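**Student:** From the sequence below, what's the structure:
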Amino acid sequence: MQFQVKAPGKLMIAGEYAVIEPGCPAMVAAVDRYITIEVKESTENLFSLPQIGIPHAAWRVENGEVRFDRDDPKLRFIQNALAVFNQLLMEKSIPLRPLHITVTSELDDPTTRQKYGLGSSAAILSAVLTALLHAHEGLPETKEAIFKLAAVAHLKTQGNGSGADLAASVYGGMLKYAAFRPDWIFSRLEAGCTVSELLAEKWPYLSISKLVLPPGLIFCAGWTGKAVATGPMVERIGKLREAATETYTAFLRESTTAVDKLVESFMQQDMAGIFEHIRQNRRALQKLEAAAHTTIETAPLKQLADIASRFGAGKSSGSGGGDCGIAFVAGKEKAAALKAAWEASGIIPLALQISEQGVSIME
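**Tutor:** Numbering: from 1, shown residues only. Next comes the predicted model:
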C-alpha cells in the first residue's frame, strides 16, 4: 500500500474574530498551496517532517496514550490527531496499521521558511486524518468525518478555535462558515460521549456551505513579509469581549451584517456589492482594534487594503497583525495593476488561486 494525500491551505475572506461566537458567519477560501503527505506501509509507526528538522519520529500507543520517541512541541497537533483516531479504532475494534507518513509543505516562504499564515496546522491535521481513515477499512471517509475528527484534535491541542481553517482545508473552495461550540464538544466528551457518537451527532451552530466566484472577479493575495503572533491580539480582544459588552456586541452585529450581505452579493454575482461589503467588514475590524487597543491592520496591511480599494476592495486576512491580506478586483488587467502597485509598496503578491478540491487522495 502506498498513496499520497494533499490538503490545501486557507485564507480568511471576512468575519474574522466574530466567527468564534455562536451563529456569527465568516467567509474562508482554500488556496492552491498544499500540505502533501506520502503514506507507505511500515514495520513501525513513523512520521517524517524533514522541513522542520524531524527526519524520523516513531510513536506508539501506551496505556491508551499516544507517545512519540521525542518531546517536540511541533508534534502536538499530530499527537492529538493520532490519539483521537486511535480512540476511534478502539471503539470499532479495528487494529492499528503501522504506517510511515512523510509530510511536506508549500505553505511557507520557500526561501526563508517564514509563515504566510495559510493555516498549516489545519492542513496537516486534515491530511493526516484523511490518510489514517483511508488506510484502515471500516471507517468513514466522508468530508464531515474528517472535519469533525480534525476539529476534536485541534481543540485538544489549543482548547479553542473556530475551525474555519479546517473547513477550508477539508472541503475546498470558498465557503460560508459558522462555527461549532468548543464548550459543547468538551462537555460531550466529559459526559462520556465516544468519538463515533460525536461524529454521528449534529453539532450545534456548525454550518458549512460552498460559494462560487462570479465570472470575471479575480481573487488576489498579498504578503506583508512579517509573520504574526496571534496570542497577544486574541488576548486583548478577549478582554474587550469581557469588559465592554456593548462595544463587542456592536462589532458582532456589524461583522455579521457585512458577511451576510457579502455572501448574498456572491450569490447574486454582484461585484459592486462584494466590494462594498468587504469594505464594511474592514471598517468593523478597524473599530474592533481601536476598542481593544491592539493592531489588527498593521501599516503594511493598511497599505495593502488602501491600494486594493483603488482597483476593487481589500482587507487584512485572519487575525491580522502581519501575514496576508486579500483583495477582489474585476478583470485580469486590474489584477495585474493591483499586484504592480503592491510590489511598488513592498507588498509581495502571492501566486494564489482558490483551490476547489479540498483534501484529496491519490493512489
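
**Student:** buried ones in the longest strand anywhere in the chain?
**Tutor:** Determined from DSSP state E, the single longest strand within the chain is strand 25-41. By neighbour count with 16 or more other C-beta atoms under 10 Å, strand 25-41 contains the buried residues 25-31, 33-37, 39. Glycine gets a C-beta too; all of them are placed from N, C-alpha and C.

**Student:** In JSON lines: the residues you listed, plus distance to Phe85 and pLDDT.
**Tutor:** Listed next are these as JSON lines, based on distance: C-beta to C-beta, whole Å; pLDDT from 0 to 100:
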{"residue": "Pro25", "distance to Phe85": "30", "pLDDT": "98"}
{"residue": "Ala26", "distance to Phe85": "27", "pLDDT": "98"}
{"residue": "Met27", "distance to Phe85": "30", "pLDDT": "98"}
{"residue": "Val28", "distance to Phe85": "24", "pLDDT": "98"}
{"residue": "Ala29", "distance to Phe85": "27", "pLDDT": "98"}
{"residue": "Ala30", "distance to Phe85": "23", "pLDDT": "98"}
{"residue": "Val31", "distance to Phe85": "26", "pLDDT": "98"}
{"residue": "Arg33", "distance to Phe85": "25", "pLDDT": "96"}
{"residue": "Tyr34", "distance to Phe85": "21", "pLDDT": "97"}
{"residue": "Ile35", "distance to Phe85": "17", "pLDDT": "97"}
{"residue": "Thr36", "distance to Phe85": "19", "pLDDT": "98"}
{"residue": "Ile37", "distance to Phe85": "14", "pLDDT": "97"}
{"residue": "Val39", "distance to Phe85": "13", "pLDDT": "98"}
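
**Student:** okay, Asn281: pLDDT?
**Tutor:** Per-residue confidence (pLDDT) for Asn281: 98.

**Student:** For it, give me its contacts.
**Tutor:** 14-15, 255, 258-259, 262, 315 (C-beta atoms under 8 Å, 6 or more residues apart in numbering).

**Student:** Looking at those, which are in strands?
**Tutor:** 14, 315.

**Student:** Make a markdown table out of the contacts of Asn281 and add pLDDT.
**Tutor:** Shown next, in a markdown table, are these (pLDDT from 0 to 100):
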| residue | pLDDT |
| --- | --- |
| Ala14 | 98 |
| Gly15 | 98 |
| Ser255 | 98 |
| Ala258 | 98 |
| Val259 | 98 |
| Leu262 | 98 |
| Lys315 | 98 |
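
**Student:** Closest one of the contacts of Asn281 to Ala292?
**Tutor:** Nearest to Ala292 among those is Ser255, at 13.8 Å by C-beta to C-beta.

**Student:** Pull the number of nearby residues for the nearest residue to the closest one once chain neighbours are set aside.
**Tutor:** Among residues not flanking Ser255 along the chain, Ala18 sits closest, at 3.8 Å (C-beta to C-beta, 6 or more residues apart in numbering). Residues contacting Ala18 under the criterion other C-beta atoms under 10 Å number 26.

**Student:** For Leu285, see how far away Ala18 is.
**Tutor:** In this view, Ala18 and Leu285 are 9 Å apart by C-beta to C-beta, to the nearest Å.

**Student:** which neighbours do the two share?
**Tutor:** Contact with both Ala18 and Leu285 is made by residues Ser255, according to C-beta under 8 Å, 6+ apart.

**Student:** surely Gly163 meets Ala151?
**Tutor:** Yes: at 4.8 Å, Gly163 counts as touching Ala151 under the criterion of C-beta atoms under 8 Å.

**Student:** Cool, thanks, signing off.
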